[in-house]
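Engineer: Coordinates only, no sequence provided:
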């Protein structure tokens, strides 16, 4: 694919040596000009005794909805790991949309027959003013109003493809491209698909001493990649991924086979999408002590708006329930908590 031809770079030196240096240079100048336009910094001599925070340039290749290169981005970043707690900062906070907000919003506009347009606020991360003065060293070779860029009808958001048909009253969300990249990353893009993400009645027990250990790094990377897929558009794999994530600290080869089976299932269903139709409930459920090792039940919650699934979760309960009724009440509490948040959003 085209984005595989233009490589993301690790530093400014690599950018200068790149055959795409003119494109990267323009991206750097755009980033610097944005900082100037937002009155982000003043060039001063460092005050005596000041703690100087380092800085660097981060390079990214931004992809379009079709997987091609849309543009090259460069960002001037402070090296936060050089900051000192309670001297340079007290707490950090980045305002971003909760993932549940996105499907709730799409379900509402689909129900109302509305169109959605997408915008981009350039360098939004520098719009808010800090409460303290920070001394930051300029990146190597650092040289030389706030508008929203209209991107047209919404198509692409956080790696999620959004397709809206207002005439038929249908909105779809899918992560086909992301799923394909995950499969390729773990060399499962040509595997034999599996019909279910987890075998019927399968329970993943803790690794026994006699079990061969799996590679922890690869295992965690695969589970982490699947978690994002399960959280955003694939509730059908949420339970299986949750079971795999529970053993990330000490995975066995059996656990790794189970995770690969989830990938096999994704290979056969990577083009599946969430479909919202114009036409808030939260049906909870729970098993009861089905794991013989810890006997903790599993809560499952699905929140819907206008009959469209907008939030789901599956997680192990914190305590051992004495009966299936108690397990159901605990699951109901989890469901009410999530449904209440969605209700406040509406």
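Structural biologist: Received, thanks. What you are looking at is a predicted structure, and each value in this text was computed from that prediction instead of being measured.
Engineer: What are the structural domain limits within the chain?
Structural biologist: 2-101+126-149, 280-346 (automatic domain parsing).
Engineer: ok, of those, where does mean pLDDT dip lowest?
Structural biologist: Among these, domain 280-346 carries the lowest mean pLDDT, at a mean of 68.
Engineer: what about residue 302, distance to residue 339?
Structural biologist: Counting by Cβ to Cβ, to the nearest Å, the gap between residue 302 and residue 339 amounts to 10 Å. Any C-beta I mention is one placed from the backbone N, CA and C, and that applies to glycine too.
Engineer: quick one: the helices in the protein?
Structural biologist: With helices called from DSSP state H, the chain shows them at 12-17, 21-37, 101-112, 176-185, 216-232, 238-245, 253-269, 324-345.
Engineer: hey, which of those is tucked in deepest?
Structural biologist: helix 238-245 (a mean of 22; mean count of other Cβ atoms under 10 Å).
Engineer: which strands and helices sit next to that one?
Structural biologist: helix 216-232, helix 253-269, strand 298-305, strand 308-316 (3 or more Cβ pairs under 8 Å, 6 or more residues apart in numbering; DSSP states H and E).
Engineer: and for stretch 183-197, what are the contacting residues?
Structural biologist: 180, 218, 221-222, 225, 236-237, 239-241, 260-270 (Cβ atoms under 8 Å, 6 or more residues apart in numbering).
Engineer: tell me the contacts of residue 158?
Structural biologist: residue 232.
Engineer: State the pLDDT value of it.
Structural biologist: 82.
Engineer: ok so, going back, got the helices of the chain as CSV, with distance to residue 311 columns?
Structural biologist: Listed next are the helices of the chain as CSV, based on distance: least, Cβ to Cβ, whole Å:
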stretch, distance to residue 311
helix 12-17, 41
helix 21-37, 35
helix 101-112, 7
helix 176-185, 19
helix 216-232, 9
helix 238-245, 11
helix 253-269, 21
helix 324-345, 6
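Engineer: Would you tell me which of these gets closest to residue 310?
Structural biologist: helix 101-112 (4.0 Å; Cβ to Cβ).
Engineer: and that closest one with strand 298-305, angle?
Structural biologist: 40 degrees (axes from the mean of the first three to the mean of the last three Cα atoms, to 10 degrees).
Engineer: what helices or strands is helix 101-112 leaning on?
Structural biologist: strand 160-165, strand 170-174, strand 274-277, strand 298-305, strand 308-316, helix 324-345.
Engineer: Out of the ones you listed, which gets nearest to residue 19?
Structural biologist: Short answer: strand 160-165, nearest of the helices and strands packed on helix 101-112 by Cβ to Cβ, at 30.3 Å.
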